[in-house]
Each structure stands twice: as structure tokens, then as C-alpha cells.
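Visitor: Whatever this is, show me its structure:
(2 chains)
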Amino acid sequence: MVSLNAYLTLGAILFSIGAVGVFTQRNVLIIYMCIELMLNSVNLTFIAFSKFLNNMDGHVFVFMIMTVAAAEAAVGLAIIISVFRNKETVNVDEINLMKG
Amino acid sequence: MFYILGFGAVLSALLMVTNKKPVNAAMCLIMTMFLLAGMYVLLDAHLMAALQIIVYAGAIMVLFLFVIMLLNIQEKEGRLGINKIATQFAGVAIVGGIFVVIANLVTIDHSLVKAGDMVNGFGTTKAVGTLLFTDFILPFEIASVLLLAAIVGAVILAKRRIDNPESK
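Guide: Residues are numbered from 1 along each chain as shown, chains lettered A, B, ... in the order given. Here you go, the predicted structure:
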């Protein structure tokens, strides 16, 4: 049986990789995927705690996170489509309409 | 088994964030999600593993791929300016700091983690469903309203204006 720390460390590593991706990538679609990766790593942490505490509440939290991720992906991709229709780009450096 | 899955997940996540092409990145992310689903099975969360594959690797990633195909992005990779590279290094440094903090928190103390009594049928659909419809009935209903709002919002954001003849 692998210890709880191993799972938490893996979750932290995946979360950090996702955060690095958000900082380094300029393509808005890949940034979105990195956000999904971060949500996934949090799910892993919830489920690991759920198992080691023998408490099933974590599974419900993961269920809710999946719901929110699905809603967020749908709305976010719709926004990306409408931005692309107006600006013909998905590079976040060129989407600077709100920059003062 | 944990180490195989974990190594694979980290590897494909790294491949994802270093990839320039969105389609390749999406494939790597799907791989990561499958490996994480295997991890959930190791943790006795069978329903969540199935949902991970169906909802994440299935629905959400198909949506992503659909949008990638729809937008048909032309690659125009210019070189990054020096201040952008500096920004990237700063970002990596910040995230590294965050990771160190998280790793410290992770390795503190085990005595806080006290296991409760073993739940009957841990992680099965029945157990999760019972919990959803008893203790968590209000969040469950709110989630349904959220999904409805997301459907309406996505359709309104992505539709073309009918009254504007230019954008046909």
C-alpha cells in the first residue's frame, strides 16, 4: 500500500506542471487544458484523502468538481470561439482588448 | 503499480505543457486522464474512475478537439521576445516556490490523518449515490442549475448574430 504522502506529492507535481503550463504557453486552448490538469490533480488529492480517511465525502466533492469543469469548459470554449471569430487569433498576447 | 501510473501521468503532463500543437497537447492530456483514472481505481474510487473516463477523457476532451478542429489555427511561431522569456522564467520560479510550499505541507504530520470507520461498499455507485441524495442534496440540485446555466450561456456566446447580416 502506497502512503498518502505519495499521492499528495503526485497531486502537487501535476498541479505545478499545470501552473507552469499556464505561465509558459501562449495558446489559449493549451492554457485551458492546463487548467483542466490542475483540476484533475485536485481531484486526485480529494480521492486520496477520501480513501485514507475512510470518508466518502471526497467523492462527492470530486463529482461537483467534474460538474463545474464541464460547465467551465463549455462556456470557456464558447468564449474562445467568439473571440476567435472577432480577432482571428488564439494567442493570449494578441487578445488585449481590455488592456488599458 | 502506483509508480508506473504516476510516472506515466507526470510524463504525459510534461509532454502536454511543452507541446506547441493543441491537438498533440490534447492527446497527452487524455493520456494523463486515463492514467489518473487508473489511480482512482487503486484508491477504490470505482465510480469516480468511470466518470473520469466518460466525462473528462470522453466529453470534455471531445469538446476541446472539436473546437481545435473548428478553429483550424494556422501556426505562426515567432520567436519570443527577451522580456517574454524572462516572464516565463519568473512564472516557472513562482510555481517552483509554490510547489516547495505544497511539498512541505504534504510531508508534515500523519497524526492529523485519522481514519474513520470503514464504510460499507466504499466508492461504489450505490454509496456515492446515497450520499449525493441524502447529505449533499442541495449541492446536487445547485449543480443541475449550474449545468443548465452553462448550456444556455454556451449557446448564446457561440451563436452568430441573426440580426447582423455581415456575420453570416
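
Visitor: make it CA atoms for all contacts and neighbour counts henceforth
Guide: OK.

Visitor: neighbours around B:Val23, how many?
Guide: Taking other CA atoms under 10 Å in any protein chain shown as the criterion, the count of residues near B:Val23 is 17.

Visitor: right, and it touches B:Leu70 too?
Guide: No - counting by CA atoms under 8 Å, B:Val23 does not reach B:Leu70; the two are 11.8 Å apart.

Visitor: Next one: the closest residue to chain B within chain A from B:Leu43, what distance?
Guide: Proximity of chain A to chain B (CA to the nearest CA) peaks at A:Leu53, 4.1 Å away. As judged by CA to CA, to the nearest Å, A:Leu53 and B:Leu43 stand 12 Å apart.

Visitor: of those two, who's got more company?
Guide: B:Leu43 (23 against 18).

Visitor: I'd guessed that one sits against A:Phe49; true?
Guide: No - B:Leu43 is beyond contact range of A:Phe49, at 9.5 Å (criterion: CA under 8 Å).

Visitor: Packing partners of the longest helix anywhere in chain A?
Guide: Ordering each helix of chain A by length in residues (DSSP state H) puts helix A:57-87 first. Under the contact definition 3 or more CA pairs under 8 Å, 6 or more residues apart in numbering or on different chains; DSSP states H and E, helix A:57-87 sits against helix A:28-53, helix B:46-51, helix B:61-71, helix B:125-134, helix B:137-158.

Visitor: ok, and does the fourth one reach over to chain A?
Guide: Yes - remark: helix B:125-134 sits within contact range of chain A at B:128, B:131-132, by CA under 8 Å from any CA of the partner chain.

Visitor: Find the nearest non-adjacent residue to B:Ile60, please.
Guide: A:Ala70 (6.3 Å; CA to CA, 6 or more residues apart in numbering or on different chains).

Visitor: pLDDT (mean, whole number) over the longest helix of chain A?
Guide: Averaged across helix A:57-87, the pLDDT comes to 88.

Visitor: what's the angle from that helix to helix B:61-71?
Guide: 10 degrees (axes from the mean of the first three to the mean of the last three CA atoms, to 10 degrees).

Visitor: what distance separates helix A:57-87 from the centre of its chain?
Guide: Computed by CA atoms, centre = their mean, to the nearest Å, the chain-centroid distance of helix A:57-87 equals 9 Å.
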